[in-house]
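Q: give me coordinates for this.
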Amino acid sequence: MPNPQILHPSSSVPLAAMSFGDTGDIAKAVSPANPLPTLDRPYRGARPLVANTAIAAGSAVLVDCLVAGSVQFEFADAGAGVTTLTVNVPAGLAILPFAAQRFLSAGSTASFNAWVLD
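A: Okay, the predicted model is just below:
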């Protein structure tokens, strides 16, 4: 099977062009018999994320936004220097793939409730 040409930048890559394997092993082409390994596990719990109160980070953050605005999250790497990210959140429900340990009320303008998902 010839290798498909992939132009850069590309909006998608065909599965026929993908391969994977362990270091030092021969790469295995992705196929129905050899699917791409992924980690897909359901969330098993939720803990409230409270303003200015650090908790153990989880796999994601669930945000139920009542009034759109910004939310400033602080990430779990804060011991190595505080990393924050301000995100504009529309009204509604959203799952953000962030390992956040808290949100900061001083940098947040949205009206919302949030939970850490484990």
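Q: mind listing what the residue nearest the centre of the chain touches?
A: Closest residue to the average C-alpha location of the chain: residue 97 at 2.2 Å, with CA atoms, centre = their mean. The neighbours of residue 97, taking CB atoms under 8 Å, 6 or more residues apart in numbering as the test, are 59-60. In this view, the C-beta of every residue, glycine as well, is placed from N, C-alpha and C.
Q: quick one: pLDDT of it?
A: Looking at residue 97, its pLDDT stands at 90.
Q: and for residue 4?
A: 56.
Q: ok, residue 43 next?
A: pLDDT at residue 43 comes out at 89.
Q: my guess is it meets residue 60, correct?
A: Yes. Here residue 43 reaches residue 60: they are 7.0 Å apart, a contact under CB atoms under 8 Å.
Q: what touches both of those two?
A: residue 117.
Q: neighbour count winner among those two?
A: residue 60 (19 against 14; other CB atoms under 10 Å).
Q: rewinding a little: could you check how far the residue nearest to the centre of the chain is from residue 60?
A: Residue 97 is 5 Å from residue 60, where distance means CB to CB, to the nearest Å.
Q: many thanks, have a good one.
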